[in-house]
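Colleague: make a model of this:
(one chain, ligands or ions: 2)
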Amino acid sequence: MKIRNRLNPSDPCFSFEFFPPRTDEGEANLLKALEDLATLQPGFVSVTEGAGGSTRAKTVELVLRIKQEAGIEAMAHLTCGGHSPAELRTVLERLSAAKVDNVLVLRGDPPKGQTVFEPAPGGFRYASEMVRFIREEDFNFCLGGACYPEGHVETPSRDDDLRHLKAKVDAGLDFVVTQLFFDNAFYFDFVERARRAGINVPIVPGIMPITNYEQIQRFTRLCGATVPMRLALQLERVKDNPEAMAQLGVAHATVQCMELLSRGVPGIHFYTLNKSPATRMIVSALRARS
Ligand SMILES: NC(=O)C1=CN([C@@H]2O[C@H](COP(=O)(O)OP(=O)(O)OC[C@H]3O[C@@H](n4cnc5c(N)ncnc54)[C@H](O)[C@@H]3O)[C@@H](O)[C@H]2O)C=CC1
Ligand SMILES: Nc1nc(=O)c2c([nH]1)NC[C@@H]1CN(c3ccc(C(=O)N[C@@H](CCC(=O)O)C(=O)O)cc3)CN21
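Modeller: Ligands and ions are numbered 1, 2, ... in the order given. From the prediction side, this is the model:
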């Protein structure tokens, strides 16, 4: 089933993102989180790919398992890093043969220790180039991409970033998922600017429940997302109390999601970080309300 057919403001699609674990313990955590969140009957789940394409085999294996064994619609993230177009074609053929209908096309982060993205020899520099490649080949995927309500960290201006997004969508995207944000005003402003720029595909908000203060500081610095002052002060106050931190994270994300739904978003994509409790509580609260 193509995700674009599930994105519908009158029946919004909740989806969950996981990353391929690096250790046996991580693997056990992931399987537990997956099992737990599967009971919420997500519209789809997605599996990320590590920087430089480092986890590709694991990403594909997990997507196939989720689709075939759990019967949940699954989307593979594929990045431009570390792989040639020929290797990409092989992976796409494998996904296609296994009836995986959806791919999230990303450029990908520079590998750890590097600050600048370097394409693989003969590979793609921008996600839009991979989108064009997939559309030129004889595949029939529903394609998603990433977008940045606060602007991508590397972009000199939000207007440039929006122009690049427009070109990426025009190359053949069916929908986009946003970078995480903690203030809905960024999302609503962005959607308005995107529509004005002629970007007409569904724009799915990406939400990450905060569970750990240091992690959120590290990651928001890396990806350029703003933590609103009021939330930062609240987080500061409970930083030594994991339980209060988790409650605050769930409460903040739930309020964010309630407002997004009341204003007609087509779905909400949760960055679960392979943990189930926060996402479960939020989705349960949202379902109870509607
Ligand atoms: N796992 C996920 O869901 C998400 C992952 N990401 C990560 O964010 C990073 C960026 O990936 P994408 O958004 O796919 O990259 P992209 O290729 O769409 O854009 C990357 C940067 O290049 C710029 N750009 C694009 N086309 C250009 C052109 N023709 N000329 C000059 N500049 C251009 C963009 O403005 C942006 O600053 C990746 O590291 C991705 O993995 C971001 C959000 C969500
Ligand atoms: N630039 C960028 N790269 C991504 O991979 C990415 C995004 N943005 N935005 C959306 C989601 C969110 N993702 C995230 C968000 C946070 C962590 C994180 O905090 N990771 C921990 C390690 C987690 C673990 O191994 O348990 C860290 O401390 O970095 C990782 C991926 C992946 N996606």
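
Colleague: near ligand 2, which residues of the stretch 51-200 of the chain?
Modeller: Contacts of the stretch 51-200 of the chain with ligand 2, taken as CB under 6 Å from any ligand atom, map to 109, 179-180. Where you see a C-beta, it was placed from the backbone N, CA and C, and this is true even at glycine.

Colleague: filter the residues you listed down to the buried ones, PyMOL style.
Modeller: The following PyMOL line selects those of these that are buried, judged by 16 or more other CB atoms under 10 Å:
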select buried, resi 109+179+180
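
Colleague: how about the secondary structure of Pro121?
Modeller: Using DSSP: H, G, I helix; E, B strand; the rest coil, the structure places Pro121 in coil.

Colleague: ok so, going back, any chance of the residues of the stretch 51-200 of the chain next to ligand 2 in TSV, with pLDDT and secondary structure too?
Modeller: Below are those laid out as TSV (pLDDT from 0 to 100; DSSP: H, G, I helix; E, B strand; the rest coil):
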residue	pLDDT	secondary structure
Asp109	94	coil
Gln179	98	coil
Leu180	98	coil
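
Colleague: which of the residues of the stretch 51-200 of the chain next to ligand 2 sits closest to Phe19?
Modeller: Taking CB to CB as the measure, Phe19 lies nearest Asp109 of those, at 12.1 Å.

Colleague: for the stretch 1-150 of the chain, what spans make up the strands?
Modeller: Ranges of strands within the stretch 1-150 of the chain are 13-18, 44-47, 74-79, 102-106, 142-147, based on DSSP state E, counting those that start in this stretch.

Colleague: make CSV from those strands and add mean neighbour count to it.
Modeller: Listed next are the strands of the stretch 1-150 of the chain as CSV, based on neighbours: other CB atoms under 10 Å:
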stretch, mean neighbour count
strand 13-18, 23
strand 44-47, 25
strand 74-79, 26
strand 102-106, 25
strand 142-147, 24
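
Colleague: need the ones you listed in a markdown table (columns: mean pLDDT and distance to Arg221).
Modeller: What follows is these, written out as a markdown table (pLDDT from 0 to 100; distance: least, CB to CB, whole Å):
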| stretch | mean pLDDT | distance to Arg221 |
| --- | --- | --- |
| strand 13-18 | 98 | 20 |
| strand 44-47 | 98 | 24 |
| strand 74-79 | 98 | 21 |
| strand 102-106 | 98 | 20 |
| strand 142-147 | 98 | 18 |
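
Colleague: adding distance to Arg125, write those strands out as CSV.
Modeller: Shown next, in CSV, are the strands of the stretch 1-150 of the chain (distance: least, CB to CB, whole Å):
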stretch, distance to Arg125
strand 13-18, 24
strand 44-47, 23
strand 74-79, 12
strand 102-106, 13
strand 142-147, 15
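
Colleague: quick one: the ones you listed as a markdown table, columns for distance to ligand 1 too.
Modeller: Shown next, in a markdown table, are these (distance: least, CB to the nearest ligand atom, whole Å):
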| stretch | distance to ligand 1 |
| --- | --- |
| strand 13-18 | 6 |
| strand 44-47 | 7 |
| strand 74-79 | 5 |
| strand 102-106 | 4 |
| strand 142-147 | 4 |
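
Colleague: next, work out how far apart the residue nearest to Gly43 when sequence neighbours are not counted and Tyr148 are.
Modeller: In this structure, Gly43 finds its nearest non-sequential neighbour in Cys13, 3.4 Å apart by CB to CB, 6 or more residues apart in numbering. According to CB to CB, to the nearest Å, Cys13 and Tyr148 sit 21 Å apart.
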